[in-house]
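S.K.: have a look at this prediction, sequence included:
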Amino acid sequence: STATDPAPTEMFETIINLKPKSEWRPGVTIDSLKAEMDKALQFPGVSNAWTMPIRARIDMLSTGIRTPVGIKVFGTDLAEMEKISRQVEAVVKAVPGTSSAFAERVIGGYYLDITPNREALGRYGLTVGDVQDVIAMALGGETVTNTVEGRERYSVNVRYPRELRSNPQAIATEVQVPMSNGGAVPLGEVAEVKLNRGATSIRTENGQLAVYIFVDITGRDLGGYVAEARQAVANEVKFPPGYYVQWSGQFEYLERAEARLKIVVPVTLLIIFLLLYLNFKRLTETLIVMLSLPFALVGGLWLMWWLGFNMSVAVAVGFIALAGVAAETGVIMLIYLDHAMKEVQAERAAQGRAFSREDLYASIMVGAVERVRPKMMTVVAIMAGLIPILWSTGAGSEIMQRIAVPMIGGMVSSTVLTLVVIPAIYALVKGRRLPRRKDTIPSRDGSPETLSARPGNALPRAAE
């Protein structure tokens, strides 16, 4: 009943109320249930598209497409547009992952065309306006007066009885056009009355005619499917000049989100880099944390692959949050390592010895060990809050799961990153210009002699 909810005559909606999941057969999922119902319910000329009621309303109000993917054919002639849309439908059906594809049949309705004959009108002294007035009154009805019944008002319409306007032949012979000099002439004498085929519905978008193709997919990510379908349509369908297609549906949300993420993700990384630099006041430590972030994201990718999740906006949000947490834990690890290194440096300065590479390794061991308990507490706290989301089944659980999965998997790899990778990178960077430890021992003649304590070199017994 609303102009903003385009529901054509060929659209049938059935609301299916599911039983609680505790009563489902073992192994049944939403996807398997859709496959079973799709196999059991098939009608010639009707294509099934499975969606959620609220999502269908939102999609139709925003894009006009009630399936995950929609193809809009734009042009100037509806007959040619329907021909193109059927070709696109046949091509899309062959793309892997397509569960159904249906192009609107816009040409198929019957219209009563009444075309005035100007020569005949001239012979009878009539005008086109006279014929139009008669058609408007006889077939459509004309309000001639209003009746007043208390506080109520009713209009009184006059038109021909149904039997005189039920078929083209009766209209041509029974509908009379009055002449100015008296008398009347049948409508069929001054106009051509016939049935013609035309559009059952006419869509317009941005001032252009449009024909929709509804595509439902399964087992494919939205972006990858549309990319493959676009290529198939471009290779196999030839568009006349002035005709083109536009991809719509939920894919529009994905395109808009990707456009935003192309700005949000670099800005997020830039902010992380800036905050790290302001914290450390040195570029070395900042680059250590930034270059180690990909290691933290690996766990999220592995868990996504294991659970069969595709890349989406919610997943991207989860990875952005994971990058922030990984950077935070990396910063704390570097602070622990810096403190441990400064303590050892102070001890060596008090002993009058130079800070060596072995001293650096010892300080790294101390700093990393001190970080084990806080890191494990951080990981356990985050995972304890996110793991229950994986088993949630309420409204919005699908979105929350895709935000939580990168965080859960990433916290595992982030633990390895913080406790193993960052200390190793820290040792490589800080130990490049440090000398190895030198131990001074007495020689046989009493003069000092130095030996380098390298792996595999045994110290003399006097040094022992």
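M.R.: The structure has been received and is ready for your questions. Numbering: from 1, shown residues only.
S.K.: now the helix or strand residue 377 falls within: buried residues?
M.R.: Element membership of residue 377 [criterion: DSSP states H and E] is helix 357-390. Within helix 357-390, the residues that qualify as buried are 357, 359-360, 363-364, 366-368, 371, 375, 378-379, 382-383, 386, 389, counting by 16 or more other CB atoms under 10 Å. Bear in mind the C-beta positions are built from the backbone N, C-alpha and C, glycine included.
S.K.: now do the very next helix or strand once past it and helix 357-390, the angle between them.
M.R.: The helix or strand immediately downstream of helix 357-390 is helix 397-416, counting by DSSP H and E. Going by axes from the mean of the first three to the mean of the last three CA atoms, to 10 degrees, helix 397-416 is angled at 160 degrees with respect to helix 357-390.
S.K.: quick check: which helices or strands does helix 397-416 pack against?
M.R.: helix 283-307, helix 313-351, helix 357-390 (3 or more CB pairs under 8 Å, 6 or more residues apart in numbering; DSSP states H and E).
S.K.: CSV for those, including distance to residue 199?
M.R.: Formatted as CSV, those follow (distance: least, CB to CB, whole Å):
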stretch, distance to residue 199
helix 283-307, 46
helix 313-351, 37
helix 357-390, 49
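S.K.: which of the ones you listed sits closest to residue 74?
M.R.: helix 313-351 (27.3 Å; CB to CB).
S.K.: any buried residues in the closest one, and which?
M.R.: Quick answer for helix 313-351 (16+ other CB under 10 Å): 313-323, 325-331, 333-334, 336-338, 340-341, 344.
S.K.: then stretch 199-218?
M.R.: Neighbour-count burial for stretch 199-218 [16+ other CB under 10 Å]: 199, 200, 203, 209, 210, 211, 212, 213, 214, 215, 216, 217.
S.K.: export stretch 315-333 as PDB, just CAs?
M.R.: Extracted C-alpha coordinates of stretch 315-333, given in PDB (Å, rounded to 0.1, in the frame of the first residue of the first chain):
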ATOM      1  CA  VAL A 315      34.800  -8.900   9.900                       C
ATOM      2  CA  ALA A 316      36.700  -5.700   8.900                       C
ATOM      3  CA  VAL A 317      35.400  -4.000  12.000                       C
ATOM      4  CA  GLY A 318      36.700  -7.000  14.100                       C
ATOM      5  CA  PHE A 319      40.100  -6.800  12.400                       C
ATOM      6  CA  ILE A 320      40.300  -3.000  13.100                       C
ATOM      7  CA  ALA A 321      39.600  -3.700  16.800                       C
ATOM      8  CA  LEU A 322      42.100  -6.500  16.800                       C
ATOM      9  CA  ALA A 323      44.800  -4.200  15.400                       C
ATOM     10  CA  GLY A 324      44.200  -1.800  18.200                       C
ATOM     11  CA  VAL A 325      44.400  -4.500  20.900                       C
ATOM     12  CA  ALA A 326      47.600  -6.000  19.300                       C
ATOM     13  CA  ALA A 327      49.200  -2.600  19.200                       C
ATOM     14  CA  GLU A 328      48.300  -2.000  22.800                       C
ATOM     15  CA  THR A 329      49.900  -5.300  24.000                       C
ATOM     16  CA  GLY A 330      52.900  -4.700  21.800                       C
ATOM     17  CA  VAL A 331      53.400  -1.300  23.400                       C
ATOM     18  CA  ILE A 332      53.300  -2.800  26.900                       C
ATOM     19  CA  MET A 333      55.800  -5.500  25.900                       C
END
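S.K.: list of residues touching that stretch?
M.R.: Applying CB atoms under 8 Å, 6 or more residues apart in numbering, the contact partners of stretch 315-333 are 257, 261, 264-265, 268-269, 272, 276, 279, 288-290, 292-293, 296-297, 300, 304, 309, 367-368, 371, 374-375, 378, 382, 402-407, 410-411, 414, 417-419, 422-423.
S.K.: burial count for residue 23?
M.R.: A count of neighbours around residue 23, defined by other CB atoms under 10 Å, yields 7.
S.K.: got any ranges where the stretch 51-200 of the chain has weak pLDDT?
M.R.: Within the stretch 51-200 of the chain, no stretch has pLDDT under 70.
S.K.: about what we covered before: which single one of the buried residues of helix 357-390 is nearest to residue 175?
M.R.: Of these, the one sitting nearest to residue 175 (CB to CB) turns out to be residue 389, at 69.9 Å.
S.K.: strands of the stretch 51-200 of the chain, start to end?
M.R.: Taking DSSP state E, counting those that start in this stretch as the test, the strands found in the stretch 51-200 of the chain are 69-75, 98-103, 107-116, 142-149, 152-158, 176-178, 184-186, 191-199.
S.K.: is it possible to export those strands to CSV including distance to residue 56?
M.R.: Shown next, in CSV, are the strands of the stretch 51-200 of the chain (distance: least, CB to CB, whole Å):
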stretch, distance to residue 56
strand 69-75, 12
strand 98-103, 15
strand 107-116, 24
strand 142-149, 39
strand 152-158, 38
strand 176-178, 49
strand 184-186, 50
strand 191-199, 24
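S.K.: looking at those strands, which is buried most?
M.R.: Sort the strands of the stretch 51-200 of the chain by mean neighbour count, taking mean count of other CB atoms under 10 Å, and strand 69-75 sits at the top with a mean of 23.
S.K.: identify the residues contacting that one?
M.R.: Contacts of strand 69-75 (CB under 8 Å, 6+ apart): 63-65, 81, 84-85, 88, 92, 205, 208-217, 222, 225-226, 229, 233, 240, 242-251.
S.K.: ok, the buried residues of stretch 199-218 vs residue 101, which is closest?
M.R.: residue 215 (4.8 Å).
S.K.: does the closest one lie in a helix or a strand, and which?
M.R.: For residue 215, the host element (DSSP H and E) is strand 208-217.
S.K.: strand partners of that strand, parallel vs antiparallel please.
M.R.: strand 69-75 (antiparallel), strand 98-103 (antiparallel), strand 203-205 (antiparallel) (DSSP bridges).
S.K.: contacts for the last one next, please.
M.R.: The reference is to strand 203-205. 6, 64, 72, 74, 106, 209, 210, 211, 212.
S.K.: where does pLDDT dip in the stretch 301-450 of the chain?
M.R.: Looking at the stretch 301-450 of the chain by pLDDT under 70, you get 392-396, 433-450.
S.K.: returning to that earlier point: can you redo the strands paired with strand 208-217 as a markdown table with distance to residue 192?
M.R.: Listed next are the strands paired with strand 208-217 as a markdown table, based on distance: least, CB to CB, whole Å:
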| stretch | distance to residue 192 |
| --- | --- |
| strand 69-75 | 29 |
| strand 98-103 | 33 |
| strand 203-205 | 29 |
